[in-house]
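Q: Structure for the following, please:
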Amino acid sequence: MAHDRLLIYGAYGYTGELIARQAVEHGLQPVLSGRNAAKVAALAQQLGLDARPFDLAGDTIAGQLADIDVVLHCAGPFIDTAPAMVDACLDSGTHYLDITGEIEVFENIFARHVDARTSGAVLCPGAGFDVVPTDCLAAALAEALPDAETLALGFDSRSGLSPGTARTSVEALAGGGRVRRDGRIVSVPLAADVREIDFGAGPKQAMTIPWGDVSTAYHSTHIPDIAVYMPISPARIKQVKRLNWVRPLLGLGPVQQFLKSRAARIQGPDQPSRQRHTTHVWGEVRNAAGECRVGRVHVANGYDVTVHASLALARRLLAEAPEGGVYTPSRLAGSDFVETLPGSGTITIGPK
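A: Numbers count the residues shown, from 1 in each chain. As a prediction, the model looks like this:
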């Protein structure tokens, strides 16, 4: 490949459009794509870019990528869209990034490592807020305590949801909670563990959530026991726990359809809101002897992190990609990668 071209798929979605507009501001000229030809064409015309609409259900996706070096995949839910795009990237030798936070997607892509090595393609899922800040912090904590056996991660954010994130969250409800124990991902009830955590702005009650790091942090650190937490009020924690009683119903088609129709009405946060609502990221590791290290980093709003992180990783792959394989963000760019993003502070690590 000699074209140094980036293709953004799902460019007209909330996050995809933010990324496309920022790419132009950074001097990039990505090819814009997605399945809705009219929406792709309208945005491409606004930004003075090439449009290349195509449907992931087609049989000629790899041909669409013949002159593309890097795909930045922004069309979710990724459990439905990522397999076809990953296959096409492997067939064409195109590097692949996405902004998923879905555990199943991560695990499916990590299972393609040998295929990626053979094709020479770099696959790096989770190139946005899911999971760049937490993944980098996890890697830094593992470096600080190399024999750690447990890892807890979490973030305190009020950034709001985009329609796509809301739809993905609806799909995840029926799956319940997830943690990693003894190296294996296991299902647990929603809000299976509740503890008080100081994410960086004072202690708050927090509950476990099925966040992508349950998958990715293991591949970055090899720590066998991993859980991810998010702060939430005690009243809301009780509400979430009650959902465990009706969780099987949440996966029924009519219920999913109703919830997704409500999610589609959500509008992602505007720029002033994103600027106001930054994010505190926290992590903790322990070893068998009881030694503990706690790390924190303050970053921008989650959507702004996604925009800047995904484009930075795309530029890295366009400039000089490593050998083919599946990478986490910290393995691709280093544990200090998060510190280089606009709005990010420095990772701090110390004893509890």
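Q: And the pLDDT for residue 268?
A: According to the predicted model, the pLDDT of residue 268 comes to 67.
Q: before we move on, what about residue 298?
A: In the prediction, the pLDDT value recorded for residue 298 is 97.
Q: That one reaches residue 200, doesn't it?
A: Yes. Here residue 298 reaches residue 200: they are 6.0 Å apart, a contact under CB atoms under 8 Å. Every C-beta, even on glycine, is put in place using the N, C-alpha and C of the backbone.
Q: what's the overlap in contacts for these two?
A: Shared contacts of residue 298 and residue 200, defined by CB atoms under 8 Å, 6 or more residues apart in numbering, comprise 280-281.
Q: Please report the distance of residue 287 from residue 214.
A: Separation of residue 287 from residue 214 (CB to CB, to the nearest Å): 20 Å.
Q: Would you agree residue 283 is in contact with residue 335?
A: No. If you go by CB under 8 Å, residue 283 and residue 335 don't touch, sitting 11.2 Å apart.
Q: which residues do the two both contact?
A: Common contacts of residue 283 and residue 335, defined by CB under 8 Å, 6+ apart, comprise residue 137.
Q: for residue 7, what are its contacts?
A: 30-33, 52, 65, 68, 70-72.
Q: same thing with residue 197?
A: Applying CB under 8 Å, 6+ apart to residue 197 gives the contacts 154, 203-204, 206, 229, 231, 282.
Q: as a whole number, average confidence for whichever helix or strand it is part of?
A: Secondary structure here is read from DSSP states H and E; on that basis residue 197 sits in strand 194-198. Across strand 194-198, the average pLDDT comes to 96.
Q: what does stretch 110-128 give?
A: Per-residue scores along stretch 110-128 average to 98.
Q: before we move on, back to that, settle it for me: which of residue 287 and residue 214 has more neighbours?
A: Neighbour comparison, residue 287 and residue 214: the larger count goes to residue 214, with 25 against 15 (by other CB atoms under 10 Å).
Q: how close does the more buried one sit to residue 271?
A: 31 Å.
Q: quick revisit: go through the contacts of residue 7 and flag which are in strands.
A: In this view, these that belong to strands under DSSP state E are 31-33, 70-72.
Q: Tabulate the residues you listed (TSV), appending pLDDT and distance to residue 23.
A: As requested, the ones in strands among the contacts of residue 7 are arranged in TSV below (pLDDT from 0 to 100; distance: CB to CB, whole Å):
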residue	pLDDT	distance to residue 23
31	98	11
32	98	9
33	98	13
70	98	11
71	98	13
72	98	9
